[in-house]
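> Give me a model of this one.
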Amino acid sequence: MRKIFIFILCAAFTLSLRAQYTRLEKYPQIPSQYDAAFVDYVKDFASGVAKSSYGQYFGQITKERNVYGFGAYYTDNDGVIYGQYRLGNFLFGIKMGTQMAKVGSNDHYICYDLTTGDPLYIMKDGDKYSLPADYGETYRFESLTYQNGDKYVGETVNGKREGVGLYYYNNGNYYYGRYKNNDRRGFGAMFFTNNTITIQYWKDEDE
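Sure thing, here's the model as predicted:
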């Protein structure tokens, strides 16, 4: 009987560790083929402006003027929301408020304190998870300004651009996408001052 109890206790502990590991995923890891399928569908959509009671959107829209693709929503309540949209609904990206930034989807995201750059918690399926004490030593959300006047605002790992972020050029254009070890990775969108958008792809060194 004691052996059975110990076995159940060990199994429960193992499941708990697995659950904790899963919970610490910052946000959904979208398979590259899914991202590619999304881009294949939206790549020819024009850029434009759409207005609603929620705010004003600038980004890709369909011929029927549906919000669909890469874009930025300027709102009163949530700040600016950069990322990917489908039929007017936010899928994934950065919600940038005045004090906090949320990176991920509506249901699964990590929240950062913009005044310090510290990660605060992870929200997943309505539950809030605290982070290990040393988490902030590695993962942060920072604003980095470079000698040429360009600026990066987004996730960093050990001080390098890594995760999801925005790169602002001194000419007014900006790029939204993912980064790894300071370099762009995967699909992203370049927003130009002439109100056009181009989708770009940056190959990983491992591919």
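
> Show me where the chain dips below the pLDDT cut-off.
Where the chain drops to pLDDT under 70, the residues are 1-24, 205-207.

> What are the boundaries of the helices in it?
Taking DSSP state H as the test, the helices found in the chain are 2-23, 32-42, 135-138.

> residue contacts, the spatially most central residue of the chain?
For the chain, Gly93 is the residue whose C-alpha lies nearest the centre (CA atoms, centre = their mean; 3.5 Å). For Gly93, the contacting residues are Ile81, Tyr82, Gly83, Gln84, Val103, Val164, Tyr176, by CB atoms under 8 Å, 6 or more residues apart in numbering. Where C-beta positions appear, they are placed from N, C-alpha and C, glycine not excepted.

> Bridged to it, which residues?
Beta-bridge pairing of Gly93 under DSSP bridges involves Gly83, Gly104.

> Can you give me the distance of it to Ser130?
Distance from Gly93 to Ser130, counting by CB to CB, to the nearest Å: 24 Å.

> before we move on, what about Pro31?
From Pro31 to Ser130 the distance is 28 Å (CB to CB).

> do the same with Pro119
Following CB to CB, the distance that separates Pro119 from Ser130 is 10 Å.

> Check Gly71 too.
On the measure of CB to CB, Gly71 and Ser130 end up 33 Å apart.

> Then Tyr121?
6 Å.

> What of Gly149?
In terms of CB to CB, Gly149 sits 38 Å off from Ser130.

> one step back: ranking the contacts of Gly93 by neighbours, who comes first?
For the contacts of Gly93, the largest neighbour count, defined by other CB atoms under 10 Å, is 26 neighbours, found at Tyr82.

> I figured that residue hits Tyr167, correct?
No. At 11.5 Å, Tyr82 does not count as touching Tyr167 under the criterion of CB atoms under 8 Å.

> how far out from the middle of the chain is stretch 195-207?
Mean-position distance between stretch 195-207 and its chain equals 15 Å (CA atoms, centre = their mean, to the nearest Å).

> What are the contacting residues of that stretch?
Contacts for stretch 195-207 (CB under 8 Å, 6+ apart): 39, 42-43, 47-49, 58-60, 69-71, 175, 177, 180, 183-192.

> picking up where we left off before, settle it for me: which of Pro119 and Ser130 has more neighbours?
Pro119 (22 against 11).

> Would you mind naming the residues that bridge with the more buried one?
Tyr112.

> can you pull the contacts of it?
Ile110, Cys111, Tyr112, Asp113, Leu131, Tyr135, Gly136, Tyr139, Arg140, Phe141.

> Could I have the buried ones of the residues you listed as ChimeraX selection syntax?
To isolate the buried ones among the contacts of Pro119 in ChimeraX, judged by 16 or more other CB atoms under 10 Å, type:
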select :110,111,112,131,135,136,139,140,141
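
> closest to Asp125 among the contacts of Pro119?
Each of the contacts of Pro119 was checked against Asp125 using CB to CB; the closest is Ile110, at 14.0 Å.

> Sweet, I'm off.
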